[in-house]
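> no sequence on this one, just coordinates:
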């Protein structure tokens with residue numbers, strides 16, 4: 001076969017070592033040699049001796065979804081082979097979590113991760129019911145975390161002198177040692193008159209980074225995730 005479709009630009013590259021890598025901007029490849037975890041339904045292709053098992057729906061088996069608090073089901077992938085993961089042609093990125101690090105991430109942005117990573121579900125401090133009861137997952141340990149994002153994300157430095165205010169529907173995640181609280185940018189009177197549509201944000205203070213996607217989640221998108 002000939003043609004641009006079969007050029008090296010689109011041809012998958014052989015894995016050079018076990019683990020996660022970005023195959024192209026819309027897809028993550030995982031060379032499995034043992035076990036890893038991924039979002040259910042995110043596998044688009046695989047080869048080799050792999051088994052896919054739906055992970056239980058107990059507290060340890062799901063990631064909480066922002067705003068709704070509903071579960072994002074996971075699957076365990078075991079064996080030896082290669083698997084490719086993607087979600088709605090969103091952009092893919094890999095985060096390296098090192099010992100002592102923590103990365104808080106919105107469940108809707110999780111694609112896959114190493115089994116060596118630990119995670120726990122937490123309510124975002126300061127969000128409460130007014131902030132939609134935000135549920136995020138805090139990853140720690142040592143390993144790689146594959147994320148998806150609609151559009152190209154913004155990574156904004158946070159310092160004690162310059163806190164950052166983010167829309168709760170746009171935030172992807174943030175690094176350890178950042179404190180969160182709810183910030184109201186409009187008066188009650190302004191909101192009653194219609195306001196700007198940006199009444200409440202999540203304020204992050206301290207030293208670190210916050211990752212934001214260049215779009216807000218619409219009600220339809222929230223239901224799909």
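Noted; the coordinates are in hand. Bear in mind that the values here come from a model prediction, so they are computed numbers and not experimental data. Numbering: from 1, shown residues only.
> please make it C-alpha for all contacts and neighbour counts, starting now.
Will do.
> residue ranges with poor pLDDT in this structure?
Counting by pLDDT under 70, the chain has low-confidence residues at 56-72, 125-135, 185-199, 216-225.
> paired strands for the longest strand along it, with orientation please.
Across the chain, the longest stretch assigned as strand under DSSP state E is strand 71-85. The pairing partners recorded for strand 71-85 under DSSP bridges are strand 27-39 (antiparallel), strand 43-54 (antiparallel), strand 62-64 (antiparallel).
> what's the closest of these to residue 183?
Residue 183 sits nearest to strand 62-64 of all the strands paired with strand 71-85, at 22.5 Å, using C-alpha to C-alpha.
> circling back to that earlier point, tell me which of the strands paired with strand 71-85 is the most buried.
Comparing the strands paired with strand 71-85 on average neighbours per residue, with mean count of other C-alpha atoms under 10 Å, the densest one is strand 62-64 at a mean of 25.
> returning to that earlier point: right, and the helix or strand after the longest strand of the chain?
On the C-terminal side of strand 71-85, the closest following helix or strand by DSSP states H and E is strand 91-97.
> now do the helix or strand following that following strand: distance to the chain's middle.
Next along the chain after strand 91-97, taking DSSP H and E as the criterion, comes strand 102-106. Chain-centre distance of strand 102-106: 8 Å, with C-alpha atoms, centre = their mean, to the nearest Å.
> quick one: list the elements packing against strand 102-106.
Applying 3 or more C-alpha pairs under 8 Å, 6 or more residues apart in numbering; DSSP states H and E, one finds that strand 102-106 contacts strand 135-141, strand 171-175.
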